[in-house]
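1. Here is the input, now give the coordinates:
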Amino acid sequence: MSSWTIVTFAVTLITAGTCVHGLSVTNPTVSTSINSGAKLTVTWTTSGPSEAAQFVDLHLLSFGSTNIFVSEMNVSASLGTYELETPFYTVTGLYWVAITRRATYSVIGYAPSSNGEGFMEAGFSITRVGCTEHAQCSEDAYCDSRGYCYGCLACASAMDAVDGICPEKCGGTIQLAIGDTIPEATETATIGPVQNVVLPGGTMHSRLVTSAVSGVTYSAATSTSFPTLMTVRLDDKLHVLALLLQQDPRFAALGASVHVASAYQVAPSSISAANVTRHYEGRALTMQLSCTGASSTVCQSLNTTNDFARLCYSAGFDWIQIQAAHTVYASVSVDGCSTPIDLIFLLDASGSIENPMWGGAPGNFADKELQFAKNVSAFFDVGSLITQTRIGVVTFSSSVTVEFDLNDHFTIADIDAAIDDIPYPSGATKMSDGLRAVRQQILEQGTSAGVRPDSAGIPRVVIVVTDGVASGGFEPDAEAALLHAMGVTIFSIGVGNGVDLPQLQVMGSDPDDDHVFLIKSYFNIHNIVDTITHSTCDAAATFSCGATLDDIAVVDGEFRYFEVQQHSSDIITLDLTAVAGTVDVYMSATATHPGPFAWSQQHPGITTASVLLISPPAQGMTVYFSIMGVSSTSTFSMSVSCTNGTTSPTPVPSPAPSRTPTRAPTRAPTRNPTRAPTRTPTRAPTAKPTRAPTQRPTRTPTQ
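-> Numbers count the residues shown, from 1 in each chain. This next block holds a predicted model:
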């Protein structure tokens, strides 16, 4: 019998050593063939009492690989047999079994073997057979839309049960009432506030599209309501919904179709924050579910409306509200982002990424994680100009690689090609090393990596994607704190069932609800693109007391967001000069993205030099302000000083402003809006990302 020493390396077995006697594994054999989800009978004999008295670990591995797929720990060798359960998500292929000594990590038995001498020279067959109903899964799991059994905790939040209903063993499906929303968070918290409105004849109005989705009907237009007029993203989701209705047997049996009652609406001449709606931006619509013949009664039931609302969410609409039986309101985030950002992806490339034991699968790194980075990148106006976004990528595993800097690629095509060329190294999870490389090699002033100077006032954003726990000694706490102190905004995304929630929360900026996300598997990572891109685009540049910005350009309706972190000042002085054109200034100590509908101080129509005084409600508070372009092209410069004194601040107007809309809305994509990421349904509805829960996951990978 051959025996090999095993060195643990992430979740990979490194084999080496010499031949010693151990267990004789008699099953599985080369003729063994089972279905995924079935139990594999592993049998063995021991060479004597000493071997029988020990405890062993059983491992299932892909044939030809030393990457652990499934393990069962601490099994008594005296049993001589064990039923090793294979996951439903096991892919079709050849596999082998290794038995190792408990804690000593040396292989003392393996199977199958064609002649009893060679190591890992043969395999047995597992055929992928997905679940089709919840009863096929264990007592604490449900069958999802991919045919995978997954833990009950994900059922209610992911809304991807194979039949659209969480089984009773998972708590059942919560019935939504009229007025309930998906997700539970407010519309503003989910997709951001209405910053401005679209007026007929303006630039933003010309960027709306006329929807003509096959199978969808639209109400007739009026002088103020245009049901076929909407943003590119909203029209895209409507296409997806129409296809999902055709594919879903529940709705196909009813002859169901969608009727759009309203989309873009012209805002009234006077409007306040209390009655502003996303209809005025063209990124919301009201839909009704229509059914043929005798099915119309069923169609109007609240149960059917519940199913329809969940299907809308699966189609990619970002926020859903049931307004009445068979009537649903849906809205989406903005089409694109023209806000310049220095954006870095920090991607986990450890061994567990492609290990299904931790929510991974072969090909996850290239097909899912790298594709996610490409999809997010497509949302931004990328280029070399000071007004454009720059993107860099860093990977971490046992080592860290800066794949490309912020100044290496200035087109989406070049960035996509560079991302496609990133190799998958596998290995450990040295999270702190990855964060340190982002800080020292890219973001600190003085590097040659292309980060813009502090004086440019450009937000710096890091998106971290990981599926596991940091390797011992490489926890993210200290390095994350240093990045936060630099004013860097960090989004942390945990994938699968092996993530460490406290580590995600340490990395993510505050508040956690906006910056920390959990996704059940890499299969679902594309669903978070809209959420991340919207949040990233709205990131504010940190502006320190004493800092100066020169010649910052904004176009009509475009916002630049800033935050001043003052500590002991009574008065903040903003010295702003409109070098060219006209800008509006909005300030707040509570609204993180102040604008025409959310401000505590406003200063409209600035065309020359102005000194604006801000009196924070309390010392140590962060003050937020935005600059909005009014002219077709405006340029401004500004400086901030923080002082103690008794200078009278500018009077604070009413906190509930009312205004007459005169300008185009917030962010205007400066490239073709069709580059915005889309989802084409070729399968059952998928899950939306869930916000990070309060409990810590119970399973952690051995890395």
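2. low-scoring pLDDT stretches of the stretch 551-700 of the chain, where are they?
-> 565-570, 615-620, 644-700 (pLDDT under 70).
3. Strands of the stretch 101-250 of the chain, start to end?
-> Using DSSP state E, counting those that start in this stretch, the strands of the stretch 101-250 of the chain run over residues 106-111, 124-127, 141-143, 149-151, 181-182, 209-210, 216-218, 225-226, 229-230.
4. For the fourth one, give me every contacting residue.
-> Same thing as strand 149-151. Residues from elsewhere that reach strand 149-151, judged by C-beta atoms under 8 Å, 6 or more residues apart in numbering: 37, 87-89, 131, 136-138, 140-144, 158, 497, 520-521. Glycine gets a C-beta too; all of them are placed from N, C-alpha and C.
5. are any of the residues you listed buried, and which?
-> When the contacts of strand 149-151 are checked for burial by 16 or more other C-beta atoms under 10 Å, the buried set is 37, 87-89, 131, 136-137, 141-144, 158, 497, 520-521.
6. Go through these and name the one nearest residue 505.
-> Using C-beta to C-beta, residue 497 comes nearest to residue 505 of the buried ones among the contacts of strand 149-151, at 17.2 Å.
7. And for residue 239, the neighbour number?
-> 21 (other C-beta atoms under 10 Å).
8. Excluding chain neighbours, what is closest to it?
-> In space, not counting the residues next to it along the chain, residue 239 is nearest to residue 213; the distance is 5.3 Å by C-beta to C-beta, 6 or more residues apart in numbering.
9. re earlier: lowest average confidence across the strands of the stretch 101-250 of the chain, which one?
-> In terms of average pLDDT, strand 149-151 trails the rest of the strands of the stretch 101-250 of the chain, at a mean of 75.
10. Give the pairing partners of that one; include direction for each.
-> strand 141-143 (antiparallel) (DSSP bridges).
11. So what touches the strand it pairs with?
-> Contacts to strand 141-143, defined as C-beta under 8 Å, 6+ apart, come from residues 131-134, 136-137, 149-152, 155, 161-162, 166-167, 169-170.
12. from the chain's centre, how far out does it sit?
-> The chain centre lies 23 Å from the centre of strand 141-143; the measure is C-alpha atoms, centre = their mean, to the nearest Å.
13. same check, this time on stretch 297-311
-> 28 Å.
14. buried stuff in that stretch?
-> Those would be 299-300, 304-311, for stretch 297-311 by 16+ other C-beta under 10 Å.
15. doesn't residue 588 make contact with residue 602?
-> No. Counting by C-beta atoms under 8 Å, residue 602 does not reach residue 588; the two are 9.6 Å apart.
16. now the strands of the stretch 101-250 of the chain in a markdown table, with distance to residue 486?
-> Converted to a markdown table, the strands of the stretch 101-250 of the chain look like this (distance: least, C-beta to C-beta, whole Å):
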| stretch | distance to residue 486 |
| --- | --- |
| strand 106-111 | 47 |
| strand 124-127 | 49 |
| strand 141-143 | 43 |
| strand 149-151 | 38 |
| strand 181-182 | 36 |
| strand 209-210 | 40 |
| strand 216-218 | 48 |
| strand 225-226 | 46 |
| strand 229-230 | 39 |
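17. To residue 488, which of these lies closest?
-> strand 181-182 (31.7 Å).
18. Direction included, what does that closest one pair against?
-> Strand 181-182 has the following strand partners under DSSP bridges: strand 319-324 (antiparallel).
19. thinking again about what came up before, just the buried ones among the contacts of strand 141-143, please.
-> Among these, those buried by neighbour count (16+ other C-beta under 10 Å) are 131, 134, 136-137, 149-152, 155, 161-162, 166-167, 169-170.
20. Return the member of the residues you listed nearest to residue 391.
-> Closest approach between the buried ones among the contacts of strand 141-143 and residue 391, by C-beta to C-beta: residue 150, at 32.7 Å.
21. related to what we said a few turns ago, so of the contacts of strand 149-151, which ones are in helices?
-> The helices, defined by DSSP state H, take in residue 158 from the contacts of strand 149-151.
22. where exactly do the strands run in the stretch 501-650 of the chain?
-> 516-519, 541-543, 548-555, 559-565, 571-580, 583-588, 601-606, 609-614, 622-629, 633-643.
23. so what strands line up beside the third one?
-> This points to strand 548-555. Using DSSP bridges, the strands paired with strand 548-555 in its sheet are strand 633-643 (antiparallel).
24. hang on, the earlier thing: for residue 545, find the nearest of the strands of the stretch 101-250 of the chain.
-> strand 181-182 (40.0 Å).
25. who's the nearest residue to residue 380 once chain neighbours are set aside bridged to?
-> Spatial nearest neighbour of residue 380, excluding adjacent residues (C-beta to C-beta, 6+ apart): residue 389 at 4.0 Å. Here residue 389 shows beta-bridge partners residue 382, assigned using DSSP bridges.
26. Residue 389 contacts residue 376, correct?
-> No. Taking contacts as C-beta under 8 Å, residue 389 lies outside contact range of residue 376: 10.7 Å.
27. between those two, who's got more neighbours?
-> Neighbour count, other C-beta under 10 Å: between residue 389 and residue 376, residue 389 has more, with 25 against 22.
28. Might you report the residue contacts of that one?
-> 337, 339-343, 380-383.
29. mind redoing it with 10 Å?
-> Listed by C-beta atoms under 10 Å, 6 or more residues apart in numbering, the contact set of residue 389 reads 337-343, 377, 379-383, 406, 410, 458-459, 461, 536-537.
30. separation between it and residue 525?
-> Distance from residue 389 to residue 525, counting by C-beta to C-beta, to the nearest Å: 21 Å.
31. cool, and residue 637?
-> To residue 525, residue 637 is 41 Å away according to C-beta to C-beta.
32. So for those two, which sits in the more crowded spot?
-> When residue 637 and residue 525 are compared on other C-beta under 10 Å, the one with more neighbours turns out to be residue 525, at 23 against 16.
33. Which residue is the nearest non-sequential neighbour of the more buried one?
-> Excluding the flanking residues, the one nearest residue 525 by C-beta to C-beta, 6+ apart is residue 372, at 4.9 Å.
34. Tell me which helix or strand the one you found sits in.
-> helix 370-377 (DSSP states H and E).
35. For that helix, enumerate the helices and strands it packs against.
-> strand 342-348, strand 390-396, helix 412-420, strand 460-466, strand 489-495, helix 529-537 (3 or more C-beta pairs under 10 Å, 6 or more residues apart in numbering; DSSP states H and E).
36. switch the cut-off to 8 Å
-> strand 342-348, helix 412-420, strand 460-466, helix 529-537 (3 or more C-beta pairs under 8 Å, 6 or more residues apart in numbering; DSSP states H and E).
37. Reformat the ones you listed as CSV; add distance to residue 576, mean neighbour count and mean pLDDT.
-> Converted to CSV, those look like this (distance: least, C-beta to C-beta, whole Å; neighbours: other C-beta atoms under 10 Å; pLDDT from 0 to 100):
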stretch, distance to residue 576, mean neighbour count, mean pLDDT
strand 342-348, 23, 25, 96
helix 412-420, 33, 16, 96
strand 460-466, 22, 26, 94
helix 529-537, 23, 23, 77
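38. Can you get me a residue count around residue 277?
-> 17.
39. Kindly confirm whether my reading is correct that it touches residue 265.
-> Yes. Contact criterion C-beta under 8 Å: residue 277 and residue 265 qualify, at 7.4 Å.
40. What separation is there between the residue nearest to the spatial centre of the chain and residue 318?
-> Closest residue to the average C-alpha location of the chain: residue 528 at 3.2 Å, with C-alpha atoms, centre = their mean. Going from residue 528 to residue 318 by C-beta to C-beta gives 11 Å.
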